[in-house]
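In: sequence-free structure coming up:
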């Protein structure tokens, strides 16, 4: 294991450096832009997540001895290129949408300016971080919307790669999830963690009662008891007997959750456990959450569908060269012409038009930004001359997302499939 | 950053330890089993991947000072539990399907035996590794089948979390992919890496010709030139002019790949570049690969659909307690009764029935394994008394997968949706 993030990179980034060193173009100033050509089908807005993680990873983007030795052994990179990599430090500038913001087709989420060579090698890492984290955050944001103020608990670690799991917990928190089951997310970013027991704990004991008693002894009566290992209603009765009417919560993890929640609520109330909450889990997605709006559910635990982006596990973000220095030293706008893969040349500014507190358009332009008080600038400095200047507390991103989402048209929170809720317009 | 993998864990694993320590059941012998209740819809077989990664991660599963400090700060775990975690070493046994094997509903991919407490805390990490890696390998295996001997290149790093990307490259290699774009996969496991250039390299230069010349100067005429930045046919002409008829390959990344490949093949042949290969990329999945079977394509580059499991980004594997010591010291089979979430109690043996070189059934039993020469045992020792004994070279897993897949009924390689190609039967 190494702290270096430099080899989390596609080989072609480095062969391009070698080619550019050979042709004398490696040092040309260049502007790369990260954007999505479209939202995933049916989605109404995207969510920017990963910014803070990329800034952390950027500081560790160094070709250390182990990395260089591996490149020497496994690739055909030449000595000039390896020497250039050994000295690599990003010295350019990065602007980006602040974390927690929303995005639309062609929003320039990230703008990286430097020499071609120093900026191109960041492509893979930047896209990996944003494509994953934004996919999870977008799903999470819809789930939080569907939950209408009831807390959502992230518990998808077991369904995704062990490091994706940690990043997913972070992205979900940015989008408004209350807690996560993932302990590393607590360690790295102080995200509140939650979790009490699985079915195996009940099965380990000689009776459900013995299991409940063990858990209440260990975690107090405020704990959440899992009541669907055998018979739900018998378990609820036992739970209240063991923990008393001050029992924190019961968890339902199978069956018809809406019907069960009604029955269990009535049973709990009858037993005097009127303050005991009902937590539901079991393959929930935003639609299942929405369908439980009328049920007496107090919290939703979400796993698989959250960490897999609820049908859209990646965000479709790309990182494209939009301008580079010409032979005369001036920046020229560039764009490829491949069919179906349009991109717009030139360095962009971006702003959200907000009128009477309501967002009405995503405005992206290459020329002069109009002096218009209804426009809120979206690009903030993240790195200046190689120094990270955009690091911020994760709670700031979480608050930003809540505020920005509240500003979107009401259609943003509809669960049905639809078009982007804001048009992307040219200034 | 820390080398410890211990906090890549759901909080409930540790609160269960606390409860079991309190009730005196933490030291009961227990058998956990990892299995899938079903294959992802339409899939005909699963692929076991992640075994080697889990064994690496297991060796680093230690609650170090930083982990303990975080647990003390962020959770309500008590001193007894923290002391137990500080001393944690897995001392039990693990058996598993060897990496590269295939699996079917209820195949016991992994069997973990130890005390309840030492075995339960491995649940999250084990599932994270297997659910991810097996999902990618299953998609990769279908793609390799569809490619009918033409090499597949893994290039999905930009579409998934940066560490998932490395694991995905490894899983794809196990399933038969030839190379990966991911440099860390080369560093960690010696997987062959590939990659030459993106559109930005062409756009950086003052002309396509200048870009091609730079690349050929830097990487030799055997390189792969990307020919769809502007006009494909003009680019192919330029490419052969610059590199000569010994040009290694051209890459097509947009448009109607079947038609374009035909045209480009004819053009290359006419230019005398009869040995120049055609590599196609652009959102390929197994169906797109199959549809190009008749086109003069020499290699497939696959990204998004590979790393997202081609519609099934996770494998649906669960880790369940199937037996534990009772008060009398004997192992008892246990299983929960939650509706729709069946599991079968008891420690299993598993074998594949192979008759005349053709697999005919997945045989899973809890009793005595019959003495039947048509049964090939599937569980091998991975960890004995805490010591890893099942580590193996990655190429061994890759060879195993090719051999095992060749043994499956012909329906296994059909692209259409279908049922599991082998029945899982009780002995």
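Out: Yep, it's here. Predicted model, so just to flag it, every value in this text is computed and none were measured.
In: and the residue nearest to residue A:111 when sequence neighbours are not counted, how close does it get to chain B?
Out: With sequence-adjacent residues excluded and distances taken as CB to CB, 6 or more residues apart in numbering or on different chains, residue A:111 is closest to residue A:95, at 4.6 Å. Backbone N, C-alpha and C define where each C-beta goes, glycine included. The gap separating residue A:95 from chain B is 19 Å, by CB to the nearest CB, to the nearest Å.
In: could you look up the SS state of residue A:95?
Out: strand (DSSP: H, G, I helix; E, B strand; the rest coil).
In: list the contacts for it?
Out: Residue A:95 makes contact with A:110, A:111, A:379, A:380, A:381, A:382 under the criterion CB atoms under 8 Å, 6 or more residues apart in numbering or on different chains.
In: show me the helices in the stretch 101-250 of chain A, by range?
Out: Taking DSSP state H, counting those that start in this stretch as the test, the helices found in the stretch 101-250 of chain A are A:116-120, A:123-147, A:162-174, A:183-189, A:199-204, A:208-219, A:232-243.
In: now these in a markdown table, with mean pLDDT and mean neighbour count?
Out: Converted to a markdown table, these look like this (pLDDT from 0 to 100; neighbours: other CB atoms under 10 Å in any protein chain shown):
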| stretch | mean pLDDT | mean neighbour count |
| --- | --- | --- |
| helix A:116-120 | 98 | 25 |
| helix A:123-147 | 98 | 28 |
| helix A:162-174 | 98 | 29 |
| helix A:183-189 | 98 | 24 |
| helix A:199-204 | 97 | 26 |
| helix A:208-219 | 98 | 22 |
| helix A:232-243 | 98 | 20 |
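In: ok, which of those comes nearest residue A:309?
Out: Go through those one by one with CB to CB and the one that ends up closest to residue A:309 is helix A:123-147, at 3.7 Å.
In: measure residue A:151 to residue A:396 for me?
Out: Distance, residue A:151 to residue A:396, using CB to CB, to the nearest Å: 20 Å.
In: quick one, which of the two is more surrounded?
Out: When residue A:151 and residue A:396 are compared on other CB atoms under 10 Å in any protein chain shown, the one with more neighbours turns out to be residue A:151, at 17 against 14.
In: quick check: closest non-adjacent residue to that one.
Out: Among residues not flanking residue A:151 along the chain, residue A:178 sits closest, at 3.8 Å (CB to CB, 6+ apart).
In: do the same with residue A:239
Out: In space, and not counting its chain neighbours, residue A:239 is closest to residue A:225: 4.5 Å by CB to CB, 6+ apart.
In: partners of the one you found in the sheet?
Out: For residue A:225, the beta-bridge partners under DSSP bridges are residue A:250.
In: got a pLDDT number for it?
Out: If you check residue A:225, the pLDDT there is 98.
In: from memory it sits against residue A:247, does it?
Out: Yes - counting by CB atoms under 8 Å, residue A:225 does reach residue A:247; the two are 6.8 Å apart.
In: which helix or strand contains the closest residue to residue A:407 other than its chain neighbours?
Out: Once flanking residues are discounted, residue A:407 sits nearest to residue A:359: 4.8 Å by CB to CB, 6+ apart. Taking DSSP states H and E as the definition, one finds residue A:359 inside strand A:358-365.
In: report all helices and strands that that strand contacts.
Out: strand A:349-355, helix A:394-407, strand A:424-426 (3 or more CB pairs under 8 Å, 6 or more residues apart in numbering or on different chains; DSSP states H and E).
In: run the chain-centre distance for whichever helix or strand comes after it.
Out: Helices and strands here follow DSSP H and E; after strand A:358-365, the next one along the chain is strand A:375-377. Distance of strand A:375-377 from the chain centroid (CA atoms, centre = their mean, to the nearest Å) equals 23 Å.
In: quick one: contacts of strand A:375-377?
Out: The contact list for strand A:375-377, computed with CB under 8 Å, 6+ apart, reads A:349, A:350, A:351, A:352, A:353, A:354, A:363, A:369.
In: what about the closest residue to the fourth one other than its chain neighbours, neighbour count?
Out: Looking back up the chat, that one is residue A:352. Using CB to CB, 6+ apart and skipping the chain neighbours, the partner closest in space to residue A:352 is residue A:376 (5.0 Å). Residue A:376 sits with 14 neighbouring residues when counted by other CB under 10 Å.
In: ok, now how distant is residue A:376 from chain B?
Out: Taking CB to the nearest CB, one finds residue A:376 at 30 Å from chain B.
In: check what pLDDT that residue gets.
Out: 97.
In: could you do residue A:340 as well?
Out: Note on residue A:340: pLDDT of 72.
In: spit out the contact partners of it.
Out: With contact set as CB under 8 Å, 6+ apart, residue A:340 has these partners: B:254, B:255.
In: next one: residue A:343
Out: Going by CB under 8 Å, 6+ apart, residue A:343 touches A:33, A:35, A:37, A:318, A:320, A:322, A:335, A:336.
In: 6 Å instead?
Out: Listed by CB atoms under 6 Å, 6 or more residues apart in numbering or on different chains, the contact set of residue A:343 reads A:320, A:335.
In: quick one: pLDDT of it?
Out: For residue A:343, the pLDDT comes out at 75.
In: hang on, the earlier thing: okay, the helices and strands packed on strand A:358-365, which one's buried deepest?
Out: Of all the helices and strands packed on strand A:358-365, strand A:349-355 has the most neighbours on average by mean count of other CB atoms under 10 Å in any protein chain shown, namely a mean of 19.
In: quick one: distance of it to the chain centre.
Out: 23 Å.
In: residue A:193 contacts residue B:11, doesn't it?
Out: Yes - with contacts counted by CB atoms under 6 Å, residue A:193 reaches residue B:11, the gap being 4.8 Å.
In: spell out the secondary structure type for residue A:324.
Out: Per three-state DSSP, residue A:324 ends up strand.
In: what pairs with it across the strands?
Out: Beta-bridge partners, per DSSP bridges, of residue A:324: residue A:30, residue A:332.
In: tell me the contacts of it?
Out: So residue A:324 contacts A:28, A:30, B:204 (CB under 6 Å, 6+ apart).
In: where's it relative to residue B:239, distance?
Out: For residue A:324, the distance to residue B:239 equals 22 Å [CB to CB].
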